[in-house]
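Undergrad: can you look at this prediction? I've put the sequence above it.
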Amino acid sequence: MSIVSPIASPTPSRPLSACAMRIAPGLLLCLAVTGLAIGLETLEENLLGGRWLESLVLAIILGAMIRSGLTLSPRFHAGIDFSAKFLLELAVVLLGASISTATLEEAGFGLVGGIAGGVAVSLIASYFVGRMLGLPAKLATLVACGNSICGNSAIAAAAPVIDAPSDDVAASIAFTAVLGVIAVLVMPLVMEPLGMDAVQYGTFAGMTVYAVPQVLAATAPIGLISVQTGTVVKLIRVLMLGPVLLVLGVIHGRSGGHMSLRHILPWFILGFAVMMGLRSFDLIPALALKPISETSSVLTIIAMAALGLSVDVRHVAKAGGRVIAAASVSLLLLCGISLLLIHWLQVG
């Protein structure tokens with residue numbers, strides 16, 4: 001009579017449990033960094049009355065500090081990679097539930113077309129500015145996406161499509177975040193010198209400021225009309241993310257010498273479109289929208305913590321001067337494009 005050890009017996013659940021055990025250490029570390037980042041953001045808001053550095057940025061900084069100050073065991077690597085890739089892609093899918101195609105109808109196709117054209121021109125110009133300043137192609141692409149579409153979210157979404165290195169992602173997000181804070185502080189000061197009314201200023205802020213919360217912060221001092229206009233323009237700008245990622249997927253697929261469906265239409269871009277469609281047809285319960293949005297935000301922060309934990313600060317520092325120069329020039333170009341768009345469409 002032979003005795004078969006239960007450990008030796010193959011079971012369908014073992015591969016899944018083995019995978020979970022493999023990613024657990026790194027995932028738990030990313031969760032710990034995320035919790036600390038959210039706690040620091042809350043403390044910052046309570047003490048300073050505002051969030052000057054969002055938890056997303058803090059997560060990158062904290063992760064990079066840990067990576068730079070400690071030698072992480074290889075057992076953390078799998079969970080960090082899982083968080084930086086899969087959880088980030090899942091966050092992009094859930095982001096689609098916050099956007100409805102009704103936004104297009106409310107704004108009118110003239111403004112939508114103008115914003116789409118502005119984003120395209122800004123993307124191309126920003127990319128070539130980055131290349132002229134000596135940035136690698138992928139880093140220049142990330143900076144261009146961050147400036148032209150929606151800051152950190154666009155960078156985070158574009159990174160897996162173009163297979164960008166963690167150092168490039170962290171560098172572009174870090175400097176884009178700094179410029180985003182500066183833009184929020186400076187933007188209200190330019191309204192009067194440029195002779196803009198509330199609607200024009202809202203359009204300008206929506207076209208140039210990176211994140212939706214930053215648009216709200218930049219337009220709130222002006223008034224409700226400016227806030228509403230800026231929000232609509234910003235959401236239309238965010239809608240450009242899907243087509244841009246699709247184009248990047250096609251380009252990236254060709255760069256490898258073959259056309260890959262994974263590059264042309266990554267699963268998370270398809271998921272983003274499906275979620276947006278479900279939202280547009282009111283197939284997502286209203287009570288679920290806030291939890292979905294909050295889950296997407298938390299997953300993004302976890303992914304940013306993972307990116308920070310993957311980064312060698314010395315590599316970021318080497319690219320720092322060129323990245324900040326490229327991001328600054330790109331932002332100025334976007335401001336100029338936005339002013340031309342306002343004049344051309346006779347906004348106001």
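TA: Done, it's in.

Undergrad: shouldn't F204 be in contact with I342?
TA: Yes: in this structure F204 lies within contact range of I342 using Cβ atoms under 8 Å: 6.3 Å. The C-beta positions use only the backbone N, C-alpha and C, and glycine is treated the same way.

Undergrad: overlap in contacts, these two.
TA: Residues touching both F204 and I342 (Cβ atoms under 8 Å, 6 or more residues apart in numbering) are M196.

Undergrad: which one of those two has more residues nearby?
TA: When F204 and I342 are compared for neighbours, F204 comes out ahead with 27 against 20, by other Cβ atoms under 10 Å.

Undergrad: secondary structure element holding the nearest residue to the more buried one once chain neighbours are set aside?
TA: With sequence-adjacent residues excluded and distances taken as Cβ to Cβ, 6 or more residues apart in numbering, F204 is closest to S338, at 5.3 Å. Following DSSP states H and E, one finds S338 within helix 313-345.

Undergrad: run through this protein and note the low-pLDDT ranges.
TA: Applying pLDDT under 70 to the chain flags residues 1-14, 50-52, 103-108, 177-178, 181, 212-213, 253-266, 269, 312-320, 348.

Undergrad: does I284 count as helix, strand or coil?
TA: Three-state call for I284 (DSSP: H, G, I helix; E, B strand; the rest coil): coil.

Undergrad: ditto for E45
TA: Once three-state DSSP is applied, E45 turns out helix.

Undergrad: residues near it, how many?
TA: By other Cβ under 10 Å, the residues close to E45 number 12.

Undergrad: just checking, what packs against the helix holding S338?
TA: helix 55-69, helix 109-132, helix 137-145, helix 166-186, helix 198-208 (3 or more Cβ pairs under 8 Å, 6 or more residues apart in numbering; DSSP states H and E).

Undergrad: mind checking how far the second one is from the chain centre?
TA: It refers to helix 109-132. The chain centroid and the centroid of helix 109-132 are separated by 17 Å under Cα atoms, centre = their mean, to the nearest Å.

Undergrad: now it: buried residues?
TA: Buried residues in helix 109-132, counted by 16 or more other Cβ atoms under 10 Å: 111-112, 114-116, 118-123, 125-127, 129-131.

Undergrad: again with stretch 47-58
TA: Within stretch 47-58, judged by 16+ other Cβ under 10 Å, the buried ones are R51, E54, S55, L56, V57, L58.

Undergrad: thought the fifth one was touching I173?
TA: Yes: judged on Cβ under 8 Å, V57 makes contact with I173 at a distance of 7.1 Å.

Undergrad: anything in contact with each of these two?
TA: N152, M304.

Undergrad: could I get the buried residue list for the helix or strand L270 falls within?
TA: Using DSSP H and E, L270 maps to helix 267-280. Neighbour-count burial for helix 267-280 flags F268, I269, G271, F272, M275, M276, R279, S280 (criterion: 16+ other Cβ under 10 Å).

Undergrad: determine how far it lies from the middle of the whole chain.
TA: 17 Å.

Undergrad: can you list the helices and strands that the helix or strand following it packs against?
TA: Downstream of helix 267-280, the next assigned helix or strand under DSSP H and E is helix 286-309. Other elements packing on helix 286-309 under the criterion 3+ Cβ pairs under 8 Å, 6+ apart are helix 13-48, helix 55-69, helix 77-82, helix 88-95, helix 152-162, helix 166-186.
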